[in-house]
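J.: just to be clear, the model below is a prediction. Sequence and coordinates:
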Amino acid sequence: MITTQKIKIDIQNPEREIILQASDLIKHGEIVAFPTETVYGLGANALNSDAVKKIFIAKGRPQDNPLILHVSDFNQVDELVFTNDTAKALMQKFWPGALTLVMKAKEIVPLQTRGGLNTAAVRMPDNKIALALISSSGVPIAAPSANLSGKPSPTDAQTVFDDMNGKINLILDGGATNYGIESTVIDITDEENILLLRPGSVAREDIENFLNKRLNSPDKNNLKRSPGTRYKHYSPNIPVYILGQKDFSESEFKNAGYMGLTEPEIIFKERIIFNSPEDYAHGLFAGFRKLESDGVNFIIAELPLNAGIGLGLTDRIKRAAGLQ
């Protein structure tokens, strides 16, 4: 069994010796968990198939679920994928940031990393620890969320430790993440038909306003190009229901948990009220885990408006409930 270290690291000025320790593990084909602005990632050398396999094993992740390649330099992108003018414009506008771009992959990217597809997903995280680790490693880092497959994504290092203790070598503890839900994923392989594969931390409206065109919806085949869209995801070990989805008795509600933006009229065993959609997104996954640990039988989640970060938040809640 692997001994898992959890090391505190300065989010603003990551200590060089800690980054070197972590990047040395990456260079030698091992896994390191690290913070991004969205959630914590489970990272390995994206160009090393054997290292990438360790991610799938640690998470219990289906092998056909592609991984996002994280870069620290714009020049790395052309080595990995075939870019176009739209891609370059989006990178300049939204990177570093929580926007993932899907493009045609080059042969250098192993099939293992891209889930057997001819495309690859790439982004540059807006987090100094992540950028320092990628830069010091000298390779793009493949990194899905650092949790057991299907469970709520981790937004702090202790949650990573709870899921990954004994499975990975090192966790870089950079405190709580900023957004709380994963990146937005768009497919730009066809500049005339840009697809929103997964809503997330970057608002759909901001991308559409910048491009001056609407993002289209993918069919089932195109949807496969994005992580987090093919299987039930983000769910605790207890059932999640959307508010109003199902009728329950008063006694059942008294043993349930609630989370949302408005005070419920019903009495729940536990409840978490958020002040804004941004706060809701930031606390969603941690809220799922807290309510489960509080011993509720199931969770009722209120949906936000389908705008801004609310679109990504709605996506995560519905997937946790097994509705899409």
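T.: Sure, I can see it.

J.: what ranges do the helices span in this structure?
T.: Using DSSP state H, the helices of the chain run over 16-27, 49-59, 74-80, 85-94, 128-137, 157-164, 204-211, 220-223, 250-253, 277-293, 309-320.

J.: the closest residue to Pro218 other than its chain neighbours pairs with what?
T.: Spatially, and ignoring its direct neighbours in sequence, Pro218 is nearest to Leu195 (4.4 Å; CB to CB, 6 or more residues apart in numbering). Yep, even glycine has a C-beta here, placed from its N, CA and C like the rest. Note on Leu195: beta-bridge partners by DSSP bridges are Asp187, Asn216.

J.: can you list the low-confidence ranges for the stretch 151-300 of the chain?
T.: 221-233 (pLDDT under 70).

J.: can you rerun that using 80?
T.: Low-confidence segments of the stretch 151-300 of the chain (pLDDT under 80): 219-234.

J.: the stretch 1-150 of the chain now?
T.: For the stretch 1-150 of the chain, the ranges with pLDDT under 80 are 1, 61-64.

J.: what do you get if the cut-off is 50, keeping everything else the same?
T.: For the stretch 1-150 of the chain, no stretch has pLDDT under 50.

J.: rewinding a little: among the helices of the chain, which is nearest Thr4?
T.: Thr4 sits nearest to helix 157-164 of all the helices of the chain, at 6.4 Å, using CB to CB.

J.: so the closest one versus helix 49-59, what angle?
T.: With axes from the mean of the first three to the mean of the last three CA atoms, to 10 degrees defining the directions, helix 157-164 sits at 90 degrees from helix 49-59.

J.: so Ile19 sits right up against Ile134, yeah?
T.: No: Ile19 lies out of contact with Ile134 (CB atoms under 8 Å); the separation is 10.0 Å.

J.: same drill for these two, tell me which one is more crowded.
T.: Comparing Ile19 with Ile134 by other CB atoms under 10 Å, the one with more neighbours is Ile134, at 27 against 21.

J.: how about residues contacting stretch 287-299?
T.: The contact list for stretch 287-299 (CB atoms under 8 Å, 6 or more residues apart in numbering) reads 152, 159, 234-241, 252, 255-259, 268-270, 272, 320.

J.: can you list the helices of the chain in a markdown table and add distance to Val39?
T.: Shown next, in a markdown table, are the helices of the chain (distance: least, CB to CB, whole Å):
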| stretch | distance to Val39 |
| --- | --- |
| helix 16-27 | 18 |
| helix 49-59 | 13 |
| helix 74-80 | 22 |
| helix 85-94 | 18 |
| helix 128-137 | 11 |
| helix 157-164 | 9 |
| helix 204-211 | 19 |
| helix 220-223 | 21 |
| helix 250-253 | 30 |
| helix 277-293 | 7 |
| helix 309-320 | 11 |
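
J.: who wins for proximity to Glu107 among these?
T.: Going by CB to CB, the one of these nearest Glu107 is helix 74-80, 10.2 Å.

J.: coming back round to it: next one: the residue nearest to Pro218 from Leu117, what distance?
T.: To Leu117, Leu195 is 14 Å away according to CB to CB, to the nearest Å.

J.: ok so, going back, which ones among the contacts of stretch 287-299 lie within strands?
T.: 240-241, 257-259, 270, 272 (DSSP state E).

J.: so which of the residues you listed is the closest to Val139?
T.: Among the ones in strands among the contacts of stretch 287-299, Val240 lies closest to Val139 (CB to CB), at 36.9 Å.

J.: hey, what's the closest one bridged with?
T.: Judged by DSSP bridges, the bridge partners of Val240 are Ile299.

J.: output the ones in strands among the contacts of stretch 287-299 in TSV, with neighbour count appended to each entry.
T.: Formatted as TSV, those follow (neighbours: other CB atoms under 10 Å):
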residue	neighbour count
Val240	25
Tyr241	18
Gly257	26
Tyr258	23
Met259	25
Glu270	17
Ile272	20
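
J.: what's the closest of these to Ile168?
T.: Set against Ile168, the nearest of the ones in strands among the contacts of stretch 287-299 by CB to CB is Val240 (26.9 Å).

J.: residues near Leu303, how many?
T.: Leu303 has 18 nearby residues by other CB under 10 Å.
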